[in-house]
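**Q** my questions are about this predicted structure, shown below with the sequence.
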Amino acid sequence: METKIDTTTYPSPDTSIINLDPIKEIKKIGNAYAKIMHRIEPDSDKEGEGKFYPTCLVCILKDVKGVSDVICLNVRDMYRNAIDLVLMLANKLVAMNVSLKTIEVSDKSTFHLLRDFCKKTGIKLKLEKEDCVDDELKGLLLETVYCNKED
């Protein structure tokens, strides 16, 4: 029995509008840790609506040697632009010619954001407790988001 999702709390975009075939065709290598975060510095709005605090999807790619790459994707509003985050992640992985075996997350919002994407691409999605995330990854997440690093 599938659990009912409260999408008002956790957006869970339907990825049927995205062509995920290219990701399915790439050999699965490596794993990743992903987390939704918010920047503490506002960005200027290009549409003249003022400043806003972007939502970021940070995805740390790991291989057998450790961290291999960091992806940081920003949108104005996670609730209105959830599908955009997933689309940007899909496009970035295809551009890097990377498909993942597993994506680990430590919060429900990131889990629900990536759930349909992972299901349709065959990537295993694991929800881990926050205290299972090692300190190096936590530091890299904070450095990526708060030092304005962006893909």
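**A** Nice, thanks for sending it over. Numbering: from 1, shown residues only.
**Q** any idea which residue sits dead centre in this protein?
**A** Leu57 (4.1 Å; C-alpha atoms, centre = their mean).
**Q** and that residue, how far from Asn19?
**A** 19 Å (C-beta to C-beta, to the nearest Å). C-beta: built from backbone N, CA, C; applies to glycine.
**Q** so how far is the helix or strand where Val86 lies off the chain centroid?
**A** Per DSSP states H and E: Val86 is located in helix 82-96. Here helix 82-96 is found 9 Å from its chain centre; the criterion is C-alpha atoms, centre = their mean, to the nearest Å.
**Q** list the buried residues of it.
**A** Ala82, Ile83, Asp84, Leu85, Val86, Leu87, Met88, Leu89, Ala90, Lys92, Leu93, Val94 (16 or more other C-beta atoms under 10 Å).
**Q** now, the most widely separated pair of those?
**A** Farthest-apart pair in the buried residues of helix 82-96 is Ala82 and Val94; separation 19.2 Å (C-beta to C-beta).
**Q** what's the neighbour count on Glu108?
**A** I think there's a mix-up here, since residue 108 is Lys and not Glu. Neighbourhood size, Lys108 [other C-beta atoms under 10 Å]: 14.
**Q** now the residue nearest to it when sequence neighbours are not counted: which helix or strand?
**A** Distance criterion C-beta to C-beta, 6 or more residues apart in numbering; nearest residue to Lys108, sequence neighbours excluded, is Tyr10 at 5.5 Å. Assigned by DSSP H and E, Tyr10 belongs to no helix or strand.
**Q** so what pLDDT did Tyr10 get?
**A** pLDDT for Tyr10: 75.
**Q** also Glu143?
**A** 75.
**Q** that older thread, what mean pLDDT does the helix holding Val86 get?
**A** Rounded mean pLDDT across helix 82-96 is 93.
**Q** elements contacting it?
**A** helix 21-25, strand 55-63, strand 66-75, helix 108-121 (3 or more C-beta pairs under 8 Å, 6 or more residues apart in numbering; DSSP states H and E).
**Q** buried sites along the very next helix or strand once past it?
**A** Remark: after helix 82-96, the chain's next helix or strand is strand 102-105, criterion DSSP H and E. For strand 102-105, the neighbour count (16+ other C-beta under 10 Å) marks Ile103, Glu104, Val105 as buried.
**Q** which residue is the nearest non-sequential neighbour of the first one?
**A** Right, Ile103. Ile103 sits nearest to Ala32 (C-beta to C-beta, 6+ apart), 4.9 Å away.
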